[in-house]
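A.B. asks: Here you go, sequence then predicted model.
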Amino acid sequence: MTAQPTRGRSSSVPGLAEELRISIARLSRRLRTLRPAPGDGGPGPLSLAQFAALAAIERHGSMTPRELADHEKVQPPSMTRVIAHLEERGLVARRPHATDGRQVVLNATEEGAALLADERRRKEAWLAKRLGELTEDEREILRQAAPIIDKLSRA
C-alpha cells in the first residue's frame with residue numbers, strides 16, 4: 001500500500017486543509033466501524049457522545065458533571081442524559097465531592113475502564129496492521145506527523 005498522489009491541491013494551505021479534512025474523516029469513519037455492533041454481547045455499543053464522556057472521565061480521573069459538560073462542549077441537560085446512561089450500564093459511578101457537599105464527582109468503574117481498553121485495543125490492532133502494510137519511509141512520515149496532528153486537534 002502506498003500513499004495516494006495528491007493532485008497538487010496540498011501545495012496551498014487551503015488545499016492541504018481539504019486533503020487533511022477528507023483523510024482524517026475517512027480514517028475516523030473507518031475506526032468507528034470497528035465498534036461492536038448491537039447484539040455482539042451486552043446491551044450494545046455506546047453512542048459517540050457516551051464513549052467520549054466515558055473516555056474523558058477515565059482520562060481526567062474525577063470530574064463533576066458540569067466539568068464534563070464543559071469539557072465535552074455540551075449543555076448540562078444533554079450531559080445529564082449521557083451520564084444517566086453510563087451509570088445505568090455500570091460504566092461510571094458517582095461519589096460525593098470532597099469539599100462541596102452539593103456536588104458529586106464521576107469516576108469510571110472497572111467495567112468502564114475495561115470497555116475503553118477493549119475498544120482501544122481493537123482500533124490499535126487495526127491501525128497496527130494497516131501501518132505494517134506501509135513502507136518504513138511512510139511510517140516515519142506518520143511518526144513525525146502524529147504530534148503535529150495532535151497539536152492541531154488541541155487548537
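C.D. replies: On my side now, so go ahead. Numbers count the residues shown, from 1 in each chain.
A.B. asks: Identify the residues contacting the spatially most central residue of the chain.
C.D. replies: Here the mean C-alpha position of the chain is nearest to the C-alpha of Ala52 (C-alpha atoms, centre = their mean), at a distance of 5.6 Å. With contacts taken as C-beta atoms under 8 Å, 6 or more residues apart in numbering, Ala52 has the following neighbours: Glu72. C-beta: built from backbone N, CA, C; applies to glycine.
A.B. asks: Kindly confirm my reading that it is in a helix.
C.D. replies: Yes - with the criterion set as DSSP: H, G, I helix; E, B strand; the rest coil, the secondary structure at Ala52 is a helix.
A.B. asks: any idea how far it is from Gly101?
C.D. replies: Distance check for Ala52 against Gly101: by C-beta to C-beta, to the nearest Å, it reads 29 Å.
A.B. asks: One more: Glu133?
C.D. replies: When Glu133 is compared with Gly101 (using C-beta to C-beta), they lie 56 Å apart.
A.B. asks: Can you check the pLDDT for the residue nearest to the centre of the chain?
C.D. replies: What the model reports as pLDDT for Ala52 is 92.
A.B. asks: so how far is Asp100 from it?
C.D. replies: Taken as C-beta to C-beta, the spacing of Ala52 relative to Asp100 amounts to 25 Å.
A.B. asks: Could you do Ala25 as well?
C.D. replies: Relative to Asp100, and taking C-beta to C-beta, Ala25 is found at 41 Å.
A.B. asks: Ok, Leu27 next?
C.D. replies: When distance is defined by C-beta to C-beta, Leu27 is 41 Å away from Asp100.
A.B. asks: do Arg139 as well
C.D. replies: Going from Arg139 to Asp100 by C-beta to C-beta gives 48 Å.
A.B. asks: Confirm Arg95 sits in a strand?
C.D. replies: Yes - checked against three-state DSSP, Arg95 lies within a strand.
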